[in-house]
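**Student:** Got a sequence here, can you model it:
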Amino acid sequence: MLRSMTGFGAAAGEAPAGAAVRVEVRSVNHRHLALKLRLPEALAALEPEVEARVRARCERGSISLNASLEGGRDGAVARVDRRAARALKLELEALAGELGLAPELSLDTLATLPGVLVAASGEPAAEDLAGAFLARVEEALEALLAMRAREGEALAVDLRRHAAALREFVTRIGTRMPLVQAAHKAALERRIQELVGARLSLQPADLAREVALLCDKLDVSEELARLASHLDQLDGLLSKGGRVGRQLDFLVQELLREVNTIGSKCSDAEAAHLVVEAKTNVERLREQVQNIE
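**Tutor:** Numbering: from 1, shown residues only. Have a look, this model is predicted:
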């Protein structure tokens, strides 16, 4: 099963001492795995464990995990660290003097500075919250992966549709190019006869050599064979599923290379139109593959 890199998951539940924890995980496409974790101070020590769990479940994507913690034991209040408050006030007043600024420091402002308000000892400790919090992390990740899997199924359907269009291109261009070669051969022979006329005798071997060179320039059989092979590999990866985004990205680049080469050999209007359609389908494949893990 393919997995998209776009998804969302959330989980909420009770924690010890009447607290409540909520975890939200969002993911969008990214070349590699990029993590952004936002945890409340009481859970900051668990950040390495959370990161390890995300990395174990996701290989690519830009992933943001936000956690919130509310409530606690009834009657628990914050404590003011008076020593920290006095030290911060003195430092800020000294800085204001150095910069020539009027010190305008209110109690409300001071209370918001880090370290001034300290959690009451009655609130649950990080080790008490760890079990409930990590369980919510797992639930949110499961919801994220489920959504990414659903998105991946939709992407697989779309990728197969564009791959089928490219297979039709292989068939149609394979049928068209021999006709183009024959038309160019006939035109070349007529042009040579017009130029040479009855004055000179053109050796059959010379004409055959020129025709062979022309046909070689218009031959796309090798490109079509490689194109068909790449499409077989693409079908195999779609059936295999899993984390195949990078492999699919490489295959799409190769598909575009072969289509461009075929286009450079086409001097026929109908064939050129088919090449434009093929490039459109390859571009749509490329856009969709960017979203696959």
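**Student:** ok, residues contacting the helix or strand residue 108 falls within?
**Tutor:** Element membership of residue 108, judged by DSSP states H and E, is helix 107-111. With contact meaning Cβ atoms under 8 Å, 6 or more residues apart in numbering, helix 107-111 is reached by 80, 85, 88, 89, 116, 117. Glycine gets a C-beta too; all of them are placed from N, C-alpha and C.
**Student:** what's the farthest-apart pair in those residues?
**Tutor:** Comparing all pairs in these by Cβ to Cβ, the longest separation belongs to 89 and 117, at 14.5 Å.
**Student:** related to what we said a few turns ago, and which of the contacts of helix 107-111 is nearest residue 49?
**Tutor:** Lowest distance from residue 49 to those (Cβ to Cβ) belongs to residue 117, with 26.4 Å.
**Student:** Dig out what the closest one forms beta bridges with.
**Tutor:** Beta-bridge pairing for residue 117 (DSSP bridges): residue 80.
**Student:** Let me see the contact set for it.
**Tutor:** Each residue near residue 117 by Cβ under 8 Å, 6+ apart is listed here: 78, 79, 80, 81, 111.
**Student:** Also residue 176?
**Tutor:** Here residue 176 is in contact with 268, 270, 271, 274 (Cβ under 8 Å, 6+ apart).
**Student:** CSV for those, including neighbour count, pLDDT and distance to residue 101?
**Tutor:** Below are the contacts of residue 176 laid out as CSV (neighbours: other Cβ atoms under 10 Å; pLDDT from 0 to 100; distance: Cβ to Cβ, whole Å):
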residue, neighbour count, pLDDT, distance to residue 101
268, 19, 79, 77
270, 13, 86, 77
271, 20, 85, 75
274, 22, 91, 72
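**Student:** coming back round to it: most neighbours, which of the contacts of helix 107-111?
**Tutor:** residue 116 (22 neighbours; other Cβ atoms under 10 Å).
**Student:** C-terminal to the least confident helix or strand in the chain by mean pLDDT, what's the next element?
**Tutor:** Every helix and strand of the chain was ranked by mean pLDDT, DSSP states H and E. The lowest is helix 204-218, at a mean of 60. Next helix or strand after helix 204-218 toward the C-terminus (DSSP H and E): helix 221-240.
**Student:** How far away from the center of its chain is that next one?
**Tutor:** Put simply, helix 221-240 sits 22 Å off its chain's centre (Cα atoms, centre = their mean, to the nearest Å).
**Student:** Ok, stretch 128-148 next?
**Tutor:** Worked out by Cα atoms, centre = their mean, stretch 128-148 lies 23 Å from the chain centre.
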